[in-house]
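> Okay, sequence plus prediction incoming.
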Amino acid sequence: MRLSRYFMPTLREAPADAQIVSHQLMLRAGMIRQEAAGIYAWLPLGLRVLKKIEQVVREEMNRAGAIEILMPTLQLADLWRESGRYDDYGKEMLRIKDRHERDLLYGPTAEEVVTDIFRGYIKSYKELPKNIYNIQWKFRDEQRPRFGVMRGREFLMKDAYSFDIDEAAARRSYNRMFLAYLNVYARLGLKAIPVKADPGPIGGDLSHEFMILADTGESQVFAHRDLVEMGAPGPDIDWDGDLEPEVTRRTSLYAASDEMHDAARFEAMPEDKRMTARGIEVGHIFYFGDKYSKPMKALVTGPDGKDTPVQMGSYGVGVSRLVAAIIEASHDDSGIIWPASVAPFGAAVLNLRAGDAACDAASETAYATLTAAGLDPLYDDRDDRPGAKFAAADLVGIPWQLIVGPKGLAEGVVELKARGSGERQTLPLDAALRAITG
RNA sequence: CGGAGUGUGGCUCAGUCUGGUAGAGCACCGCGUUCGGGACGCGGGGGUCGCAGGUUCAAAUCCUGCCACUCCGACCA
């Protein structure tokens, strides 16, 4: 993409509304624009990142055996009356009437819809397990939206729903999602900790929140250090095999956020294993049995010929929140530092003297080569001063900056800067291109 | 939902107390000089001062109502 033809409205100053660094940087980098309280338009740069995160989530869901569908944003109130949640949900639910005075709502989540879909087709235990997910905009009319897309009213969520014949099978589905989530966060360059969450009225131990570590996180996290260092299981585990040992390895180590914290248990650990940190919640998984399937009569016939309500779990990832969360976890004074997996562009070519024949020629070569290599580069070909280009490239956080200037070219070299480490190398253009393309 | 606050060119803000020609910096347009970390000079464009009423010879400024947004607290991907 040539920057001169792109739409990337960067700001020198952060708008006064923005309180936290991710919000400030998203506005300054021209990623989003607020349209109303907690409601944002996604500008080109922001949309690129959002789509990349979405794709990582999608790939890991698919790998773990989940199947993507797309459910509507608008849902019929009658479905929620069946589950009993229409009256319970309160003012966070945005209620709408259509021209026929029918009650609709903008979905804050999709248990009812997915249960309705399931019961319409699946009748036998032989068709289980199933895990159905979608990545769709949700709306929760928060009393007080804040922090940009971190706590918006409209947000993009991946929500998956598992269906199993009994609790033991549901636990296997839960384990798949548990490990898949760790892989998602690892691919996004984040350190994530699964902490025990309030299981609600169902009880049991099948409820976890995933907290990513960031100094500016809203929650306090307490965890066994080994859990943090353990890393993700990786894509090559046997998703159809017994995942219980792998999950137990992690859940047996202490981890809790402030509301579930057990100080006595925490302090029973050796001091050098205790870790406290700030965290941002970016995922929540739980098993809720027949909470919806029973009232909504989503029944499956078991091997014994008897109908029983299907056992369900649900698994959410805040995709739009992750954009902000990654920035909170990865930035410096100059701007955002994107992990390569979600960077809006793979590399930037900074032509420090647009209009100069040598600079133009070398930049065009670099741009063409990086494009051909699939790096999806951003070429800053604007007629602007070097300082403005450096500042913009740092701000928007592209992993590689290939700096083409007249001084270097006179000596046959360009400069290659890695955004994350700040490391710079001066080397011939072809060597620089090889360094980026690997 | 309780409490507090703010609305003035795209952005950051002054001007409001004490009514009297709408301002600055950044951004934008033109010309020129510049050119390795958000340049400089000269010239220029852009604002019914959130909206609606009211008071007054005169309202960004005073009064009333409404709307939007932000912050603190209680609540949550």
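Done, it's in.
> Apart from its neighbours in sequence, what residue is nearest the residue of the stretch 101-250 of chain A found nearest RNA strand B?
Across the stretch 101-250 of chain A, no residue is closer to RNA strand B than A:Phe155, which sits at 3.3 Å (C-beta to the nearest atom of the strand). From N, CA and C alone the C-beta is placed, and that goes for glycine too. Closest residue to A:Phe155 apart from its sequence neighbours, by C-beta to C-beta, 6 or more residues apart in numbering: A:Ser320 at 4.7 Å.
> Please apply the same query to A:Ala77.
A:Asp103 (3.5 Å).
> picking that back up, the residue of the stretch 101-250 of chain A closest to RNA strand B and A:Arg321 touch, don't they?
Yes. The pair A:Phe155 / A:Arg321 is scored as a contact, 6.4 Å apart, by C-beta atoms under 8 Å.
> Residue numbers of the stretch 1-150 of chain A in contact with RNA strand B?
Within the stretch 1-150 of chain A, the positions adjacent to RNA strand B are A:10-17, A:19, A:28, A:34, A:36-38, A:91, A:140, A:142-147, A:149-150 by C-beta under 7 Å from any atom of the strand.
> Just those: which are in strands?
Among these, the members found in strands (DSSP state E) are A:34, A:36.
> are any of the residues of the stretch 1-150 of chain A next to RNA strand B buried, and which?
Those of these that meet the buried threshold are A:10, A:28, A:34, A:38, A:140, A:145, A:147, A:149-150, by 16 or more other C-beta atoms under 10 Å.
> now, the most widely separated pair of the residues you listed?
Farthest apart among these by C-beta to C-beta are A:Thr10 and A:Arg140. That separation is 30.4 Å.
> Can you report how many residues lie near A:Gly234?
Neighbourhood size, A:Gly234 [other C-beta atoms under 10 Å]: 10.
> Can you tell me the closest non-neighbouring residue to it?
A:Asn183 (6.8 Å).
> ok so A:Met71 is a helix residue?
No. Assessed with DSSP: H, G, I helix; E, B strand; the rest coil, A:Met71 is coil; it does not lie in a helix.
> Any stretches of chain A with poor pLDDT?
A:200-204 (pLDDT under 70).
> buried stuff in the strand ranked longest in it?
For chain A, the strand with the greatest residue count under DSSP E is strand A:274-289. Under the neighbour-count criterion of 16+ other C-beta under 10 Å, strand A:274-289 has A:275, A:277-289 buried.
> Name the next helix or strand downstream of that strand, please.
strand A:299-301 (DSSP states H and E).
> So which other helices or strands are in contact with that following strand?
Applying 3 or more C-beta pairs under 8 Å, 6 or more residues apart in numbering; DSSP states H and E, one finds that strand A:299-301 contacts strand A:307-309.
> The following helix or strand past the strand it packs on near RNA strand B at all?
Using DSSP H and E, the helix or strand that follows strand A:307-309 in sequence is strand A:311-318. Yes. With C-beta under 7 Å from any atom of the strand as the criterion, RNA strand B is reached by strand A:311-318 at A:316-318.
> which of those lies closest to RNA strand B?
A:Gly318 (2.8 Å).
> Just give the number of residues close to that closest one.
For A:Gly318, using other C-beta under 10 Å, the count is 26.
> Return the set of residues that bridge with it.
Beta-bridge partners recorded for A:Gly318 (DSSP bridges): A:Met157.
> was I right about it contacting A:Ile326?
No. A:Gly318 is beyond contact range of A:Ile326, at 11.6 Å (criterion: C-beta under 8 Å).
> Relative to A:Ala263, how far out is A:Asn183?
Distance of A:Asn183 to A:Ala263, computed by C-beta to C-beta, to the nearest Å: 31 Å.
> Which one's more surrounded, those two?
For A:Asn183 versus A:Ala263, neighbours defined as other C-beta under 10 Å are more numerous around A:Asn183 (20 against 9).
> for A:Phe390, what are its contacts?
A:Phe390 makes contact with A:350, A:401, A:403, according to C-beta atoms under 8 Å, 6 or more residues apart in numbering.
> can you tell me the helix or strand for it?
Short version, using DSSP H and E: A:Phe390 is in helix A:386-396.
> Pairing partners for the following helix or strand past that helix, with directions?
Using DSSP H and E, the helix or strand that follows helix A:386-396 in sequence is strand A:400-404. Taking DSSP bridges as the criterion, strand A:400-404 forms sheet pairs with strand A:347-351 (parallel), strand A:414-418 (antiparallel).
> which bits of the stretch 251-400 of chain A sit near RNA strand B?
Close to RNA strand B, as judged by C-beta under 7 Å from any atom of the strand, the stretch 251-400 of chain A has residues A:281-284, A:316-318, A:320-321, A:334, A:352-353, A:355, A:384-388, A:390-392, A:394-395.
> Can you turn the buried part of those residues into a PyMOL selection?
Buried residues among those (16+ other C-beta under 10 Å), as a PyMOL selection:
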select buried, chain A and resi 281+282+283+284+316+317+318+320+321+352+353+390+392+394+395
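> one step back: closest one to A:Arg2 among the strands paired with strand A:400-404?
Per C-beta to C-beta, nearest to A:Arg2 of these: strand A:347-351, 9.6 Å.
> Please identify the buried residues of the closest one?
Neighbour-count burial for strand A:347-351, counted by 16+ other C-beta under 10 Å, picks out A:347-351.
> And those, which is closest to A:His208?
Taking those together and measuring to A:His208 by C-beta to C-beta, the closest member is A:Ala347, at 36.9 Å.
> Quick one: residues contacting that closest one.
Counting by C-beta under 8 Å, 6+ apart, A:Ala347 has contacts A:370, A:375, A:377-378, A:398-402, A:436.
> Who wins on neighbours among these?
Ranking these using other C-beta under 10 Å puts A:Leu402 first, with 30 neighbours.
> list the contacts for that one?
A:347-350, A:366, A:370, A:414-416, A:432-433, A:436.
> Turn those residues into a markdown table, columns for distance to A:Asp87.
A markdown table is the format used below for the contacts of A:Leu402 (distance: C-beta to C-beta, whole Å):
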| residue | distance to A:Asp87 |
| --- | --- |
| A:Ala347 | 54 |
| A:Ala348 | 53 |
| A:Val349 | 58 |
| A:Leu350 | 58 |
| A:Ala366 | 61 |
| A:Leu370 | 56 |
| A:Val414 | 65 |
| A:Glu415 | 63 |
| A:Leu416 | 61 |
| A:Ala432 | 63 |
| A:Leu433 | 62 |
| A:Ile436 | 57 |
